[in-house]
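*Asks:* Sequence and predicted model, in that order:
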Amino acid sequence: MYFITPNYSVAFNAKVGSSTLARAIIAAFHPEQEHTIQTAAYPAGIGPDDTQVHWLCPKEKEPTKPVVLIVRDPVSRFRSAMAQLRLTDVNETLELLEQGSAMQPPRRPRKLRDDAHFRHQHSLIAGGCTAFRLDDLDVAATFIGLSLPLPTINEARAEKPTLTPEQEARVLAYYAADKSLYDSLTPGEGTVVPPMPPEPQPAPAPVILPVPQSISARQARLWLITNGIAMATVDQTIAAIPDALLRERVRVEWEYGTEVHRDSPFVAQLGATLGLTSERLDAAFREAEAM
């Protein structure tokens, strides 16, 4: 998902200044939504800059302009996401993410694996993308065309979990591509990053056509000629049949028949003479059927 601005599609990257960006983008570029925010009724002590307004900020599913992406160190973002969702068991959370399983955070009917808080940041890269570190949010805001100072919205209130070295290593392993992206960004300025290469897809399973039970005499002869097998070889195979009556019956079938059947004993004998396995004979009938 991307916030809409005049010149950029700004990635909605949860736990990476997204609340602040949404509020600033509305104030700068979307007057109707800004009027709604300014004229809304708020509880005592709460004002326009104290409430999340992601839902009010115009968005698009796919970017239509160059992308701006704010990137946060994966470990810091993971800890902040856990605090936001009131999750306390780091190992359980990591196991579910690593296994691609799902769970429902307390009081939230959302699946952990699909929750925006835990999605991989590099997946938001698209087309021409300029990325900034979260520490350079003001630099990114100026680049987008927003006014400073930015509002501070949705500051963490819940305590963030402390990770052991082993847990931190697991977070970095799970978000390895995000960590690589973060480390590649130049502090203090935007960095143009190319789209991530698509993940390799398994090769589609080969389509195996059924073996035809029979082919025409024409198809059989065309296949033999195409594969360099002389008609004389067929004649020699027929002549080698020891039973005289069977030999003449096969000769009549070969010379006057309109079809050649896969289960014919003669086909098996001819295949043996030519050194063709049963699998190769099956393939031969498939190939001949297309001729």
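*Replies:* Arrived safely.
*Asks:* Tell me, please, where in the stretch 51-200 of the chain the pLDDT is lower than the cut-off.
*Replies:* In the predicted model of the stretch 51-200 of the chain, residues 102-115, 154-157, 196-199 satisfy pLDDT under 70.
*Asks:* Now do the helices in it.
*Replies:* Taking DSSP state H, counting those that start in this stretch as the test, the helices found in the stretch 51-200 of the chain are 74-84, 90-99, 137-144, 165-174, 176-184.
*Asks:* hey, where'd the strands end up in this protein?
*Replies:* 2-4, 9-11, 59-60, 67-71, 129-133, 191-193, 214-216, 259-261 (DSSP state E).
*Asks:* which helices and strands does the second one pack with?
*Replies:* Here strand 9-11 touches strand 2-4, strand 67-71, going by 3 or more Cβ pairs under 8 Å, 6 or more residues apart in numbering; DSSP states H and E. For the C-beta atoms, the positions are set from N, CA and C on the backbone; glycine is no exception.
*Asks:* deepest of those, which one?
*Replies:* With neighbours defined by mean count of other Cβ atoms under 10 Å, none of those is more surrounded on average than strand 67-71, at a mean of 25.
*Asks:* still on that earlier bit, of the helices and strands packed on strand 9-11, give the one that comes closest to Tyr174.
*Replies:* strand 67-71 (15.8 Å; Cβ to Cβ).
*Asks:* relative orientation of that closest one and helix 176-184 in degrees?
*Replies:* Here the directions of strand 67-71 and helix 176-184 differ by 90 degrees (axes from the mean of the first three to the mean of the last three Cα atoms, to 10 degrees).
*Asks:* sorry, back to before: of the helices of the stretch 51-200 of the chain, which stretch is the most buried?
*Replies:* Ranked by mean neighbour count, the helices of the stretch 51-200 of the chain are led by helix 74-84 with a mean of 21 (mean count of other Cβ under 10 Å).
*Asks:* Show me what that one is in contact with.
*Replies:* The set of residues external to helix 74-84 that reach it, using Cβ atoms under 8 Å, 6 or more residues apart in numbering, is 14-16, 72, 88, 90, 93, 117-118, 121, 156, 158-161, 163, 168, 171-172, 175, 178-179, 182.
*Asks:* what angle separates it from strand 67-71?
*Replies:* Orientation note: helix 74-84 sits at an angle of 80 degrees relative to strand 67-71 (the same axes, to 10 degrees).
*Asks:* now helix 74-84, how far from the chain's geometric center?
*Replies:* Once both centres are worked out by Cα atoms, centre = their mean, to the nearest Å, helix 74-84 turns out to sit 24 Å from its chain's centre.
*Asks:* hmm, back to that, looking at the strands of the chain, which is closest to Ala230?
*Replies:* If you check each of the strands of the chain against Ala230 by Cβ to Cβ, strand 259-261 wins as the nearest, at 16.8 Å.
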